[in-house]
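Chemist: need coordinates for the following:
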Amino acid sequence: MTMRGRPEKATLSDVAKAAKVSASTVSRVLRNPEVVSAEFQSRVRHAVDKLGYVPDRAARSLASARSENIGVVIPSVTNNVFVDVLSGIYSVTQESNFGIEIGNTRYSPMQEEKILRMLLSQRPAGLIVTGLDQSAPCRALLENADCPIVQIMEFGKSPVDMLIGFSHRDAARAATRHLIEQGYRRIAFLGASMDPRAQRRLEGFTEAVDAESLFDERLVVTTPRPTSVTVGCELMAELLARAPDADAVFCINDDLALGALFECQRRRIAVPAQFGICGFNDLEMMAVANPPLTSVQTFRREMGRRAAEMVMARIGGASAPAPVVDLGFDLIERQSTRRRG
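Modeler: Down below sits the predicted model:
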């Protein structure tokens, strides 16, 4: 008994004795249960519950020089795109002993560097980081990090370690080609924030309209402001002031597309007969808008889930099945662009 009259805190050795296994087996069940037989897992967990054993994570971290947290670096915690990614990550980690520590860069390279330094000082078990376009200091931090790293939301060359995502350029090109195939000829581009992924979507759009000799710089309307439905309305109004003969728009995300639709409805511009609208990401609202909006479907929850699996496999000593994964995309065609057929 302790001086305060309470039972001594159960130790790992106490659990091992109660479960009739070695202390190392108890440790493996608590840290990497997938490598231990179901029988031993059951015995250890029964002993843990019976004794009320709580692992000393601080002591473990000191012993292994490694925390039990996986750092996740994203540019926004309010954007539904990244909410979906986080949902996928948590679907994997919630049944493990690993915690998630989120860093929100707010699309700032300086903030990203600050967050990476903070996370790496805590010796994370792994990192999941958004994008491929880190600043030189951030790239150096990642290349020198002593833990598994998965970069997400992109597909391209030279990842630091592992990569899962899709080509924003290819997706934007496919969406723009769809508008061309539907008979639209004065096709515009609306963009906000204009981070590296938005820039790649602009590149894909430009390639598609250039191939048909349809590019007109007046039809490209962007702002560095954060994206929102309200900004979509304002950009659409600016587009129509610049180029009243515009007949379709590819938007870098669904918020802007919904804003463009509202502005068309305010001006009594018929969608899709007079004007076509295509978004990007295919959030839930696209299917229930009136008319339903065409969008590029991206597999965000699947991306988060598989990124977490890749990190945890490496933490457990296994190689990721494929260190670079292209999840691709789907163009979901709806009424907002159905000018033909």
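Chemist: state the distance from N79 to N104.
Modeler: Here N79 is placed at a distance of 10 Å from N104 (Cβ to Cβ, to the nearest Å). Using the backbone N, CA and C atoms, a C-beta is placed for each residue, glycine as well.
Chemist: cool, and A140?
Modeler: A140 is 22 Å from N104, by Cβ to Cβ.
Chemist: settle it for me: which of these two has more neighbours?
Modeler: N104 (17 against 13; other Cβ atoms under 10 Å).
Chemist: my read is that the more buried one contacts T78, right?
Modeler: No - taking contacts as Cβ atoms under 8 Å, N104 lies outside contact range of T78: 9.0 Å.
Chemist: just the helices in the stretch 101-250 of the chain please.
Modeler: 109-121, 136-143, 168-181, 196-211, 229-242 (DSSP state H, counting those that start in this stretch).
Chemist: ok, and what's touching the second one?
Modeler: With contact meaning Cβ atoms under 8 Å, 6 or more residues apart in numbering, helix 136-143 is reached by P109, E112, E113, L116, R117, L120, L127, V129, Q134, I149, V160, D161.
Chemist: N97: which of these is nearest?
Modeler: L127 (17.3 Å; Cβ to Cβ).
Chemist: list the contacts for the closest one?
Modeler: When contacts are counted by Cβ under 8 Å, 6+ apart, L127 touches 70-73, 116, 119, 142, 145, 147-150, 311.
Chemist: I'd like those written out as a markdown table, with pLDDT added.
Modeler: Below are these laid out as a markdown table (pLDDT from 0 to 100):
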| residue | pLDDT |
| --- | --- |
| I70 | 96 |
| G71 | 97 |
| V72 | 98 |
| V73 | 98 |
| L116 | 95 |
| L119 | 94 |
| L142 | 94 |
| A145 | 91 |
| C147 | 93 |
| P148 | 95 |
| I149 | 97 |
| V150 | 97 |
| V311 | 95 |
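Chemist: now render those residues as TSV, adding neighbour count and distance to S193.
Modeler: Below are those laid out as TSV (neighbours: other Cβ atoms under 10 Å; distance: Cβ to Cβ, whole Å):
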residue	neighbour count	distance to S193
I70	28	26
G71	26	23
V72	29	20
V73	24	17
L116	25	21
L119	24	23
L142	20	23
A145	20	27
C147	20	29
P148	22	29
I149	21	24
V150	29	23
V311	29	27
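Chemist: which stretches of the chain aren't confidently modelled?
Modeler: 1-8, 56-66, 320, 341 (pLDDT under 70).
Chemist: what are the boundaries of the strands in it?
Modeler: All strands of the chain, identified by DSSP state E, fall at 69-74, 99-104, 126-130, 149-152, 162-165, 187-192, 220-223, 248-251, 276-281, 294-297, 324-326, 330-332.
Chemist: relative to the first one, what are the paired strands and their orientations?
Modeler: Strand 69-74 has its sheet partners listed here by DSSP bridges as strand 99-104 (parallel), strand 126-130 (parallel).
Chemist: could I get it in PDB with only the CA atoms?
Modeler: Extracted C-alpha coordinates of strand 69-74, given in PDB (Å, rounded to 0.1, in the frame of the first residue of the first chain):
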ATOM      1  CA  ASN A  69       2.200  10.500 -31.700                       C
ATOM      2  CA  ILE A  70       1.800  10.800 -35.500                       C
ATOM      3  CA  GLY A  71       2.100  14.400 -36.700                       C
ATOM      4  CA  VAL A  72      -0.400  15.500 -39.300                       C
ATOM      5  CA  VAL A  73       0.400  18.800 -41.100                       C
ATOM      6  CA  ILE A  74      -2.500  20.300 -43.100                       C
END
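Chemist: all good on my end, thank you.
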